[in-house]
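*Asks:* Have a look; sequence and predicted model below, questions after that.
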Amino acid sequence: MLNKVQLNLLKQHIGPFLFCFFVLMFLLLMQFLMLHVDKLVGKGLPIFVVIELILSNLAYMVVLAVPMAILVSTLIAFGKFSEWNELNAVRAAGVNPIRLIMPVLIISVALFAGTAYFSNYILPEANHKARSLFIDIRMAKPGFDLEENTFYEGIEGYTFLVKKIDSDTDTLRDITIFQEPVEDRYRAYIRADKGVLESNDDQTLSLYLNDGSILRSIPGERRTEDTLERTDFSRYRLSFDLSELAFSRTNPEDRSRTGRTMSAEAMKAVADSVRREVDEEFDKFASRTNQDEVIPFEVDRTSSIYRRALTGADEDLEPYDTPYEVINLLDHPQKQVSTINMAINSLNRYRADLESYRSNIGWRENKVAEFWVEIHKKLSIPFACMLFVMIGAPIGILTKNGNLGVAALISAAILTIYFMAIIQGEKLADRGVISPFMGMWAINIFYLVIGFFLTLHVCSAFRITNLWSSND
């Protein structure tokens, strides 16, 4: 059972928590409207559609606002408790401050469980509905919602990745396009240095690409007999039919789902399926090249034997003395040249197979990483409910100030570091620089350690300086 002091401390959380929660929801809503007002205003949309879009986007705001409100309310409640010298009275009565923190921490565990459930089951459905509505209320001038270094799958059958977008000229830089096979086209991997989007009506969109190449996979009679065709171009045009993106209400279930519109269980299943595709791609690569592992190579195009293979050999020349023992065994220069040419052709075929394999598995591995980032995010952000109690309670006790302004300043510093780490961790994990676990949990682990030592500091005679002073 909770005593009066513990109950009073819990009650002091309620008012600040509700106030901060609704203020944060309002601020997040204003941010959302400022980002998307150009897509909603002046399009002749029914008001209920706009309201539905806003309500469906409130879900992700809840997941963000709950931990932040917990941090502010914890700082205020424990700051006031310490400011009014109630903490000194409790300590004088022989009560350890940890007993005051535990009820709040238990409540935060319950909020963590509820927020995690909400994030895994309710938020994906809300995101899916919001995404479907966004597609339904496309701008009068069709276009892409492209973002730098982010996969875009808004056009059926295509996956886009753009490294840089020049907002002043609408020019795309370093473009990668994965084209899925349909009845009238083959699977293709398209790269270009530059591209420009143009739209002359509401139904079609043209993408003009400059200085690039196309690697097509032309299927043979059997799966293992695919032919790879590489084409370089100085200018290439892709046209897309965007008539289905004009405003009309559609059933969200008829649209494909992305990572943020799926539960953790669904993403795990898709990630496993993509992993199996990676294994299948390797098997196809191994069968084409007779290699059981990926071996990178580089032809030394500056060597004299390579140049001689390109220019040919005269009949009266002596056999060429090369650094390759196998070539030196041949007693005629023509045989040497022929052998070198065969090796070069074989290496060129291998290089084409290697490029195809890397392009086929590269985006799949990135998709797997993105799925696992989203899976970890569904727990890492709700975990902040407990994390911010462990940090906020001792900081509030130490500051001895329950003023809203002081709590807001401290919270702003803590939250800025937290969400910057989450955002950067997500980007690094999506690119494969770090693991999805570290990308989403590194800041939690860091704050957890800080919270642990701060709690020890206020609840015991332990001081962190004891760690090295005891060794002197």
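*Replies:* Yep, that arrived. Given the structure is predicted, the values throughout are model-derived calculations rather than measurements.
*Asks:* tell me the average confidence for stretch 47-65?
*Replies:* For stretch 47-65, mean pLDDT is 88.
*Asks:* who's in contact with residue 357?
*Replies:* Neighbouring residues of residue 357 by Cβ atoms under 8 Å, 6 or more residues apart in numbering: 281, 282, 284, 285, 294. Bear in mind the C-beta positions are built from the backbone N, C-alpha and C, glycine included.
*Asks:* let's go with 6 Å and repeat that
*Replies:* residue 285 (Cβ atoms under 6 Å, 6 or more residues apart in numbering).
*Asks:* Residue 80 too?
*Replies:* residue 402.
*Asks:* mind running it again at 7 Å?
*Replies:* Residues near residue 80 by Cβ atoms under 7 Å, 6 or more residues apart in numbering: 12, 402.
*Asks:* so it is in which element?
*Replies:* Assigned by DSSP states H and E, residue 80 belongs to helix 47-83.
*Asks:* Only the buried residues of that helix, if you could.
*Replies:* 49-50, 53-54, 56-57, 59-83 (16 or more other Cβ atoms under 10 Å).
*Asks:* could I get the next helix or strand after that helix in PDB with only the CA atoms?
*Replies:* Downstream of helix 47-83, the next assigned helix or strand under DSSP H and E is helix 86-92. Presented in PDB, the C-alpha positions along helix 86-92 are these (Å, rounded to 0.1, in the frame of the first residue of the first chain):
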ATOM      1  CA  GLU A  86       9.600  17.600   2.400                       C
ATOM      2  CA  LEU A  87      12.500  15.500   1.200                       C
ATOM      3  CA  ASN A  88      14.600  16.500   4.200                       C
ATOM      4  CA  ALA A  89      11.700  15.600   6.500                       C
ATOM      5  CA  VAL A  90      11.400  12.200   4.900                       C
ATOM      6  CA  ARG A  91      15.100  11.500   5.200                       C
ATOM      7  CA  ALA A  92      15.000  12.600   8.800                       C
END
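*Asks:* any idea which helix or strand comes after helix 86-92?
*Replies:* Next along from helix 86-92, by DSSP H and E: helix 98-117.
*Asks:* other SSEs contacting that following helix?
*Replies:* Contact here means 3 or more Cβ pairs under 7 Å, 6 or more residues apart in numbering; DSSP states H and E; on that basis helix 98-117 packs against helix 4-40, helix 47-83, helix 333-399.
*Asks:* can you list the domains in this structure?
*Replies:* For the chain, automatic domain parsing gives the domain ranges 4-137+368-465, 158-246, 284-366.
*Asks:* which one of those lies closest to residue 267?
*Replies:* Residue 267 lies closest, by Cβ to Cβ, to one member of the domains of the chain: domain 4-137+368-465, at 4.4 Å.
*Asks:* Tell me the gap between that closest one and the middle of its chain.
*Replies:* 20 Å (Cα atoms, centre = their mean, to the nearest Å).
*Asks:* And for residue 268, the neighbour number?
*Replies:* Under the neighbour criterion other Cβ atoms under 10 Å, residue 268 is assigned a count of 14.
*Asks:* how about it, what does it touch?
*Replies:* residue 375.
*Asks:* can you do 8 Å?
*Replies:* Per Cβ under 8 Å, 6+ apart, neighbours of residue 268: 371, 375.
*Asks:* Verify the assumption that it is located in a strand.
*Replies:* No - membership of residue 268 in a strand is not supported by DSSP: H, G, I helix; E, B strand; the rest coil, which gives helix.
*Asks:* Could you check how far residue 126 is from residue 262?
*Replies:* Residue 126 sits 12 Å away from residue 262, going by Cβ to Cβ, to the nearest Å.
*Asks:* So the two - more neighbours on which side?
*Replies:* In terms of neighbours (other Cβ under 10 Å), residue 262 is the more surrounded of residue 126 and residue 262; the figures are 21 against 18.
*Asks:* wait, what's in contact with the more buried one?
*Replies:* 124, 270, 374.
*Asks:* from memory the second one sits against residue 371, does it?
*Replies:* The one in question is residue 270. Yes - between residue 270 and residue 371 there is a contact under Cβ atoms under 8 Å: 6.2 Å.
*Asks:* Look at these two and report which has more neighbours.
*Replies:* residue 371 (23 against 16).
*Asks:* Could you check how far that one is from residue 258?
*Replies:* In terms of Cβ to Cβ, residue 371 sits 10 Å off from residue 258.
*Asks:* Next: residue 9.
*Replies:* Distance from residue 9 to residue 258, by Cβ to Cβ: 43 Å.
*Asks:* who has more neighbours, these two?
*Replies:* More neighbours surround residue 9 than the other of residue 9 and residue 258, with 22 against 19 (other Cβ under 10 Å).
*Asks:* State the distance from the more buried one to residue 216.
*Replies:* 68 Å.
*Asks:* now do residue 34
*Replies:* Residue 34 is 43 Å from residue 216, by Cβ to Cβ.
*Asks:* and these two? which has more neighbours close in?
*Replies:* Neighbours were counted for residue 34 and for residue 216 using other Cβ under 10 Å; residue 216 has more, 19 against 9.
*Asks:* Need phi/psi at the more buried one.
*Replies:* Its backbone dihedrals place residue 216 at phi -100, psi 140, with angles given as degrees, to the nearest 10.
*Asks:* go on, residue 271?
*Replies:* phi -60, psi -40.
*Asks:* So for it, what pLDDT did the model give?
*Replies:* Confidence score, pLDDT, at residue 271: 86.
*Asks:* Helix, strand or coil: sort out the residue nearest to residue 212 when sequence neighbours are not counted for me.
*Replies:* With Cβ to Cβ, 6 or more residues apart in numbering as the criterion, residue 212 has its nearest non-adjacent residue at 3.1 Å, and that residue is residue 192. What three-state DSSP gives for residue 192 is strand.
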